[in-house]
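Trainee: kindly generate the corresponding structure for this input.
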Amino acid sequence: MNSAATWLPYCGVAPAPDGLMARWNGDPILIVALILAAGCYRLLPSNAAERRFFVAALALAALLFVSPLCALTSALFSARTVHHTLLTAVLAPLLAFALSPVARAPRGGIAIWTVVHIFAFWLWHAPPAYAAALSSDMLYWTMQASLLVTAWGMWAHIRTAALPFGIAALLALMVQMGLLGALLVFNADALYAPHYLSTQAWGFSPLEDQQLAGLIMWAPAAGFYLAGALWMLARWLGVEERGEAVTAR
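Mentor: Purely as a prediction, here's the structure:
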């Protein structure tokens, strides 16, 4: 096991339960970046619905990176799982819709971006890459940016793709999330060294924390994608009856 001092994650050292609510992230660069993002968005052409999507995305970004949830991810891998789920399954699609007037889906098809996002997700949940991200601010933001950008690219294509392809992409994400969750639940060893000494204060052993993270991936996280696929399937059946174009928009 590594000493707690080895790991200096961007969100700070792991908090104790009684000190969590005081652990807001006041990084001035991050705060200025969020303010500038809000100011720049006001200058872009958008309708009321797109503005609501952006406000929701900005609020969620603040929750993920400014609120005490950021510090909690230093303590619990299960909290990091919630963080990454919200980042990729909620924040990314909010941005895909909010930025649709000015940011087209990136080059490459929906299949390519789905595969690239799945690769990024598995890469950063591999124990060595995860440990590296919690040892360097630069790698931490590389992890966050690569997860968000690949998820945004995928959701941007889902938004404009024919509904059958969007459904297939979401089902693929559901399956891979469930598979990764199962691997974490049934692994007999704790894999994530940065949390070897940070979970006990929260009432978990490192292995129990990892298993909880796996259950979160297996059920609620995979459920995001299943719900999206079912919603798109309902739309597909509806537009088929009406003979309309079969796209997610």
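
Trainee: need the pLDDT of T6.
Mentor: If you check T6, the pLDDT there is 63.

Trainee: also the one 5 residues further on?
Mentor: The predicted local confidence for C11 comes out at a pLDDT of 93.

Trainee: what's near enough to touch the spatially closest residue to P45 that is not a sequence neighbour?
Mentor: Excluding the flanking residues, the one nearest P45 by Cβ to Cβ, 6 or more residues apart in numbering is P101, at 5.3 Å. Any C-beta I mention is one placed from the backbone N, CA and C, and that applies to glycine too. For P101, the contact set (Cβ atoms under 8 Å, 6 or more residues apart in numbering) comprises L44, P45, S46, N47, E50.

Trainee: got it, and I216?
Mentor: Counting by Cβ under 8 Å, 6+ apart, I216 has contacts S78, T81, V82, T85, G181.

Trainee: now do 7 Å
Mentor: S78, T81, V82 (Cβ atoms under 7 Å, 6 or more residues apart in numbering).

Trainee: can you show me the helices along the chain?
Mentor: 28-42, 48-65, 69-75, 77-86, 92-98, 110-124, 127-133, 137-160, 163-186, 206-216, 222-242 (DSSP state H).

Trainee: okay, those helices in TSV with distance to A22 and mean pLDDT next?
Mentor: Compiled in TSV, those are given as follows (distance: least, Cβ to Cβ, whole Å; pLDDT from 0 to 100):
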stretch	distance to A22	mean pLDDT
helix 28-42	17	94
helix 48-65	16	95
helix 69-75	9	97
helix 77-86	17	98
helix 92-98	28	95
helix 110-124	28	97
helix 127-133	25	96
helix 137-160	21	96
helix 163-186	30	96
helix 206-216	22	98
helix 222-242	31	84
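
Trainee: how about those in JSON lines, adding distance to L8?
Mentor: Formatted as JSON lines, the helices of the chain follow (distance: least, Cβ to Cβ, whole Å):
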{"stretch": "helix 28-42", "distance to L8": "17"}
{"stretch": "helix 48-65", "distance to L8": "17"}
{"stretch": "helix 69-75", "distance to L8": "9"}
{"stretch": "helix 77-86", "distance to L8": "16"}
{"stretch": "helix 92-98", "distance to L8": "27"}
{"stretch": "helix 110-124", "distance to L8": "18"}
{"stretch": "helix 127-133", "distance to L8": "12"}
{"stretch": "helix 137-160", "distance to L8": "9"}
{"stretch": "helix 163-186", "distance to L8": "24"}
{"stretch": "helix 206-216", "distance to L8": "19"}
{"stretch": "helix 222-242", "distance to L8": "31"}
